[in-house]
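Undergrad: Okay, here's the prediction I keep looking at, along with the sequence it came from:
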Amino acid sequence: MVIFNARIIQAPLLAVLLVASACAPSASQQPDLPTGDGYDFFVLSLSWSPSYCAAEGPDANRQQCAAGRDHAFVVHGLWPQFESGWPEFCDSAEPARVPDATVQQMLDIMPSAGLVGHQWRKHGSCSGMSQQDYFSVVRAARKRIEVPDRFARMSERVELEPDDVEADFIAANPGMPEDGVAVTCDGRFLREVRICMTKDLEFRPCAEVDARACWMPRALMPAPGG
């Protein structure tokens, strides 16, 4: 098991945290910032929910994939990263279980209680933050990203080049470097867009993450609700 503390989050991220916490129904005080040395940056992973539901079939989470659910890109997680490798399932003074109230606050961007809880235990526990602060940063990171319009308007499944999806995200998010975003696939499905961000939630390059991008010439994106 990795024992891990994060270095102090810089002042610009403190401002983000304060704004995000102010918007959360239960956030009423300044977040406690982590101390010590640790990870180098974050990866925000956005999952194409219809691909997850189609690929996992009967094993997919019903809260996310039940009939009538029309989720598009959802937050898979916000992952602390080293320049090479990453920590996971770290010791934390915070409880392993995420309170129901916090889960409810996150369901609009992380559409299942199981996903919220798992991401805290595997990744949030390594952030050096409290649960409240971690999920505030998750929301702030998601707000930092502009999802290209065509993915919000898809009415039928498409096959496209993963490089084109990456190019769309770069075009929609000024300052995002080509080697700071990676589109991943699994089997025939396009699964995730992974975006590297500093602790201030600014875009940054990340060669190791970029190297794991999808190698397929084309990948399938099922339509939301399809």
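TA: Sure thing, it's come through. Numbers count the residues shown, from 1 in each chain.

Undergrad: Tell me the secondary structure at A55.
TA: Following DSSP: H, G, I helix; E, B strand; the rest coil, A55 is assigned to helix.

Undergrad: Let me fix that, I meant to ask about V74.
TA: Per three-state DSSP, V74 ends up strand.

Undergrad: what pLDDT does T35 get?
TA: Looking at T35, its pLDDT stands at 40.

Undergrad: and what of L18?
TA: 38.

Undergrad: do the same with D70
TA: D70 carries a pLDDT score of 89 in this model.

Undergrad: hang on, isn't it packed against P222?
TA: No: counting by C-beta atoms under 8 Å, P222 is not a contact partner of D70; they are 11.3 Å apart. All C-beta atoms are positioned from the backbone trio N, CA, C, and that covers glycine.

Undergrad: what about these two, which has more around it?
TA: P222 (20 against 10; other C-beta atoms under 10 Å).

Undergrad: what's near enough to touch the more buried one?
TA: By C-beta atoms under 8 Å, 6 or more residues apart in numbering, the contact list for P222 reads 50-51, 53-54, 157, 189.

Undergrad: how about the nearest residue to it, chain neighbours excluded?
TA: P50 (3.9 Å; C-beta to C-beta, 6 or more residues apart in numbering).

Undergrad: Next, count neighbours for the one you found.
TA: 25.

Undergrad: Tell me where the chain has strands.
TA: For the chain, applying DSSP state E gives strands covering 41-48, 73-81, 158-160, 181-186, 189-197, 219-221.

Undergrad: Check which helices and strands the last one is in contact with.
TA: Right, the one you point to is strand 219-221. Where contact means 3 or more C-beta pairs under 8 Å, 6 or more residues apart in numbering; DSSP states H and E, strand 219-221 is packed against helix 49-56, strand 158-160, strand 189-197.

Undergrad: Make CSV from these and add mean pLDDT and distance to A66 to it.
TA: Shown next, in CSV, are the helices and strands packed on strand 219-221 (pLDDT from 0 to 100; distance: least, C-beta to C-beta, whole Å):
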stretch, mean pLDDT, distance to A66
helix 49-56, 95, 9
strand 158-160, 95, 23
strand 189-197, 98, 19
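
Undergrad: I145 is nearest to which of these?
TA: With C-beta to C-beta, the closest approach to I145 among the helices and strands packed on strand 219-221 belongs to strand 189-197: 6.4 Å.
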